[in-house]
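In: What follows is a predicted protein model with its sequence.
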Protein chains: 2
Amino acid sequence: MEVEPSVRVTIDDVARAAGVSRQTVSRAMNGKGEISAATRRRVLATIEELDYRPSVFARGMRTQRAGTLGLILSDIANPFFPAVARGVFDAAGAHGFSVVVHNTDAHAGRESTAAREILEGGAEGVIGFFEALGDEELVALHRRLPLVVADRRAPAPTVASVSSDFATGTRLAVEHLHAQGHRHLGMLDGAVGVDHVRRHAFAAAAAPGSPIVTGPPTITGGAAAAAQLLGEHPEVTALFAFNDLMAVGAIRALRERGRHVPDDCAVVGYDDLTLAADLDPPLTTVHTDKYELGRTLVEALDAIVRARRRDTGDTGDTPDPEPRLLPATLVVRRSA
Amino acid sequence: MEVEPSVRVTIDDVARAAGVSRQTVSRAMNGKGEISAATRRRVLATIEELDYRPSVFARGMRTQRAGTLGLILSDIANPFFPAVARGVFDAAGAHGFSVVVHNTDAHAGRESTAAREILEGGAEGVIGFFEALGDEELVALHRRLPLVVADRRAPAPTVASVSSDFATGTRLAVEHLHAQGHRHLGMLDGAVGVDHVRRHAFAAAAAPGSPIVTGPPTITGGAAAAAQLLGEHPEVTALFAFNDLMAVGAIRALRERGRHVPDDCAVVGYDDLTLAADLDPPLTTVHTDKYELGRTLVEALDAIVRARRRDTGDTGDTPDPEPRLLPATLVVRRSA
DNA sequence: TTGAAAGCGCTAACAC
DNA sequence: GTGTTAGCGCTTTCAA
């Protein structure tokens, strides 16, 4: 290996080469403080020439900023999250942030570990899809680090929240099933999260006593939940799934039992993953703009971070952030 | 907002509270240097009590380590990458690393920007799926920062590389198509990467002159490439796609032209995405262990990082890393 | 508009 | 086994 002996070019090297003090170099880089355009240009040229890169560590030591933001999610292998992540990456890049990602598998322990590591890593804020942690923990985290919770009710009015409109999405799905003539609906609920908006909305919109079976929000989880639900409630002719992955599992299970989708049993998913249209049968599902969700999460976090920087001292409290709700629509394909 | 006024607990606070010097605290934390078990326990207790968190910045300033590693990939929305990323996250976590992820869309400019940001961010190494950057740039990067290239030939013997065995995978796909009786094969190649192992292997295994059309490695890219190829070569009865996404696009295009898969035209994909089995028709594809790839990448990087730490001075050069090749197998489903 | 001094919190090297 | 000394490279006072 021929990794270089780390002969770091420091701000002093630049200062010396440019014939100024190191403070002037700092001013030239950060565009702060008064400095003549001429010296500024000269210093910048020297920086370029020496290929000088300020040390994040030294800088962070003074400023407490690393230009990093944390993203906590439960399962990067669920295509929903990558779609959101793209939005997060793009928006973060535009605001000069790098993103450190933590996968939690919806375990409370791993969620708090992730939060702690992000905190200790000097990130400036966190975006979190927390499925297991309680509100108190989130509030505590927010005391240490700007936080935006995703797809979850704000744990306190002070904490920012961006979600898609699960209540509306779920209602649209149930109404569609009813309109198709289904009288006996069942729901495959994902055993994650704390709000259970989809479950509550389903319970409210479907006939009282409609069965709900819970399982991991994955293909196999959906297959198992569907098998159980159909076994216990053979009258059911339509399934509403927590997400597209569970819907895929349900279709698999249905097929294995020799039941045709949608003729014998309809299935509606949630998320509208890219591949939903190419499944067999193409999946009827609730669409949300995942990229936009990612972008919005970053914007919300950025607003908080900037506000914090402004009132450096414990000046005026910033007003509580307005929770954001992103729209949901139904996409009818052939599975229901 | 009620973010706390940042009254940081420092190593000195702990030292004072525990009645020791701050160096002893450091020793207790890092398990380095000689220290009695008794004082160690006492210090650790004090740390716990004061909820002390060492500053990454201060520590990084001395050690040049942030406990971070960079992951550069072209498209997190392509399910192949999340599958790899899971392996990376898990292995990185096990080795005490956090992962900062950069999405490049296979643009050379964004690949080098990502590399630079990771470097400046103080990461200890990079794992990169570089699709556009030249070997020289990679070698230059490796001079500044331990690097492992993924799914690409090592740009120099000194650079570590972990890839899946595309040559074998491609050969298996082509042989299967031949065995099914197809005489006229075509390939939909992804317009990314620099090695073109899949393309070369296809050209070598298929009949001379078999058509190859290139496009973005996405669903729409695959649809467009398939439409073009079939338009120009109506004799083709079997398509080998660069990846599953292009295969899905091909099936879409075929269907739109009223051609049945696999009867009118067979399609083989590459990657074996989770949903491949649930597509219509279920996709015959080349399987690789993506999680294992992610894990192996981290292990390779970790080995380099540790080796570098060991010979702090420019001691003995480490031996060149052995390029790793991960196996590929064919999964026959109904699309071919 | 610029420079000098001070110190952020930590660990490596050396003394004891 | 433990403490002391000396910075790491930067930005924030403050003075010129």
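Out: Here it is on my side, so go on. Residues are numbered from 1 along each chain as shown, chains lettered A, B, ... in the order given.

In: which residues of chain A fall in helices?
Out: A:11-18, A:22-30, A:37-50, A:56-63, A:80-94, A:108-120, A:135-144, A:166-179, A:197-205, A:219-232, A:244-256, A:290-310 (DSSP state H).

In: Let me see the mean pLDDT of the first one.
Out: Averaged over helix A:11-18, pLDDT sits at 90.

In: Please list the outside residues in contact with it.
Out: A:21-22, A:24-26, A:39, A:42-43, A:46-47, A:49-50, A:52, A:54 (C-beta atoms under 8 Å, 6 or more residues apart in numbering or on different chains). Every residue, glycine included, has its C-beta placed from N, CA and C.

In: try it again with 10 Å
Out: Residues outside helix A:11-18 that contact it (C-beta atoms under 10 Å, 6 or more residues apart in numbering or on different chains): A:7, A:9-10, A:20-26, A:28-29, A:39, A:42-47, A:49-50, A:52, A:54-55, A:58-59.

In: Grab the nearest non-local neighbour of whichever residue of chain A sits closest to chain B.
Out: At 3.2 Å from chain B, A:Asp280 is the closest residue in chain A, using C-beta to the nearest C-beta. Nearest residue to A:Asp280, sequence neighbours excluded (C-beta to C-beta, 6 or more residues apart in numbering or on different chains): B:Asp280, at 3.2 Å.

In: what's the burial count for the one you found?
Out: Neighbours of B:Asp280 under the rule other C-beta atoms under 10 Å in any protein chain shown: 18.

In: ok, now which ones touch it?
Out: A:277-282, A:334, B:248, B:251, B:255, B:261, B:334-335.

In: okay if I get those as TSV plus pLDDT and distance to B:Glu232?
Out: Listed next are the contacts of B:Asp280 as TSV, based on pLDDT from 0 to 100; distance: C-beta to C-beta, whole Å:
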residue	pLDDT	distance to B:Glu232
A:Ala277	96	27
A:Asp278	96	25
A:Leu279	96	30
A:Asp280	93	29
A:Pro281	95	32
A:Pro282	97	29
A:Arg334	96	32
B:Val248	98	21
B:Ile251	97	19
B:Arg255	95	19
B:Val261	96	19
B:Arg334	96	27
B:Ser335	97	22
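
In: pretty sure A:Ser55 is touching B:Gly60, no?
Out: Yes. Between A:Ser55 and B:Gly60 there is a contact at 8.3 Å, judged by C-beta atoms under 10 Å.

In: neighbour count winner among these two?
Out: Between A:Ser55 and B:Gly60, counted using other C-beta under 10 Å, the more crowded position is B:Gly60 (22 against 18).

In: Can you tell me how far the more buried one is from A:Gly60?
Out: 8 Å (C-beta to C-beta, to the nearest Å).

In: Now the common contact residues for the two.
Out: Common neighbours of B:Gly60 and A:Gly60, counting by C-beta under 10 Å, 6+ apart, are A:66, A:122, B:66, B:122.

In: Produce a ChimeraX select command limited to the buried residues of those.
Out: Applying 16 or more other C-beta atoms under 10 Å in any protein chain shown to the shared contacts of B:Gly60 and A:Gly60, the buried members can be selected in ChimeraX as follows:
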select /A:66,122 /B:66,122
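
In: could the shared contacts of B:Gly60 and A:Gly60 go into CSV alongside pLDDT?
Out: Output for the shared contacts of B:Gly60 and A:Gly60, formatted as CSV (pLDDT from 0 to 100):
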residue, pLDDT
A:Ala66, 88
A:Gly122, 90
B:Ala66, 88
B:Gly122, 90
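
In: What is the nearest of the shared contacts of B:Gly60 and A:Gly60 to B:Ala108?
Out: Checking the shared contacts of B:Gly60 and A:Gly60 against B:Ala108 by C-beta to C-beta gives B:Gly122 as the nearest, at 23.9 Å.
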